[in-house]
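[1] All I have is the shape, not the residue letters:
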């Protein structure tokens, strides 16, 4: 019987330099998308997929991230006194039970593969998920939940994938597809950030993974790859053709790259427009701005 995926790694050690000066004192992962920090979207997605243990790979300066998931007794007491039960309910989603969450330090910025490897002792011999909070995915069924449903049929390793324009392929890990079965594709190769015009397909790896513990064994032996970093895709690719072979999963939903300013702003608009309490005012404002822009032309 296939083991259930109950552990997830969240690599959050990056310095967030694209969002300076804000990230000088605020970890990028707790910057708010509408009224929830980026990392809360990732946690909610993991919970919906049945994840029970949450492993954060952090670095110096991420104390505010750790505090976010702690209980805030004084704040809760004041809200209770004021009868603000709706805000108390919102706070409950941010609290993590003792023992459910762990923090591991990545002392050197050696890439995503190295960040995942840092959590190896907490994974042991179990399949596990990796979620990159920068990739926020709006979907009716959360992306990781979709993937776990598919993984229960395939086993092995599974990466989320989406089609990208040819001129953007050099920014991603790209799948070399062996067989296209619709939502699931079997993979015969993976290329991290291929040169322009040399991508084997237009299917790019997005920040959701379900991985076999054999990937951690592969990472034990890894040397630096593209960009001088230890690449997770290289370690996953070593499992191709083994009993833990690799599949890509075309998820249903819209991905926003919240590691970039433009993507963050796009996500903010999209998620706000999806809210009944915000849609009308925001839509009216956007329409007014478009009309002003047209008038100025």
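    Good, I have the coordinates. Since we're looking at a predicted model, the values are computed, not measured.
[2] okay, CA-based contacts and neighbour counts for the rest of this
    Noted.
[3] how about residue 158, secondary structure?
    When classified by DSSP: H, G, I helix; E, B strand; the rest coil, residue 158 comes out as strand.
[4] How much space separates it from residue 211?
    Distance, residue 158 to residue 211, using CA to CA, to the nearest Å: 6 Å.
[5] Repeat that for residue 232.
    10 Å.
[6] Surely residue 189 is in contact with residue 176?
    Yes - the pair residue 189 / residue 176 is scored as a contact, 4.7 Å apart, by CA atoms under 8 Å.
[7] Could you list the low-confidence segments of this protein?
    Scanning the chain for pLDDT under 70 picks out 1, 222-228, 297.
[8] All the strands of it, residue numbers only.
    Using DSSP state E, the strands found in the chain span residues 7-11, 32-33, 36-37, 53-58, 101-105, 128-131, 135-138, 157-163, 173-180, 184-192, 203-211, 246-250, 254-257.
[9] count of neighbours near residue 46?
    Using other CA atoms under 10 Å, residue 46 has 25 neighbouring residues.
[10] can you start the count at 876 instead of 1 from here on
    Done: numbering now begins at 876, and the last item shifts to residue 921.
[11] Hmm, residue 884 and it touching each other?
    No - judged on CA under 8 Å, residue 921 makes no contact with residue 884 at a distance of 10.0 Å.
[12] what's the burial count for the residue lying closest to residue 1026 once chain neighbours are set aside?
    Leaving out its chain neighbours, the residue that sits closest to residue 1026 by CA to CA, 6 or more residues apart in numbering is residue 1033, at 6.9 Å. Using other CA under 10 Å, residue 1033 has 29 other residues around it.
[13] how close does residue 1033 sit to residue 922?
    In terms of CA to CA, residue 1033 sits 19 Å off from residue 922.
[14] And residue 958, by the same measure?
    Distance from residue 958 to residue 922, by CA to CA: 28 Å.
[15] Not counting its neighbours along the chain, what's nearest residue 1158?
    For residue 1158, ignoring the flanking residues on the chain, the nearest one in space by CA to CA, 6+ apart is residue 1148 at 7.1 Å.
[16] what's stretch 1008-1024 in contact with?
    Contacts with stretch 1008-1024, where a contact means CA atoms under 8 Å, 6 or more residues apart in numbering, come from 880, 885-887, 904, 913-914, 916-917, 920-921, 923-925, 1033, 1035, 1081-1083, 1085, 1124, 1126-1134, 1142.
[17] Next: stretch 1131-1139.
    With CA under 8 Å, 6+ apart, stretch 1131-1139 has contacts from 891, 893-894, 908, 1009-1012, 1141-1142.
[18] For the closest residue to residue 1127 other than its chain neighbours, give me phi and psi.
    Leaving out its chain neighbours, the residue that sits closest to residue 1127 by CA to CA, 6+ apart is residue 1014, at 6.4 Å. When read as degrees, to the nearest 10, the backbone of residue 1014 gives phi -150, psi 150.
[19] likewise the one 3 residues further on?
    The main-chain torsion angles of residue 1017 are listed as degrees, to the nearest 10 and equal phi -50, psi 140.
[20] number of nearby residues for it?
    20.
[21] Look up how far residue 946 lies from residue 972.
    9 Å.
[22] between the two, which one's more packed in?
    Each of residue 972 and residue 946 has its neighbours counted (other CA under 10 Å); residue 946 has more, 15 against 9.
[23] Now do stretch 1136-1148: distance to the chain's middle.
    Centroid separation between stretch 1136-1148 and its chain, computed with CA atoms, centre = their mean, to the nearest Å, is 16 Å.
[24] And for stretch 1068-1085?
    For stretch 1068-1085, the distance to the chain centre is 16 Å (CA atoms, centre = their mean).
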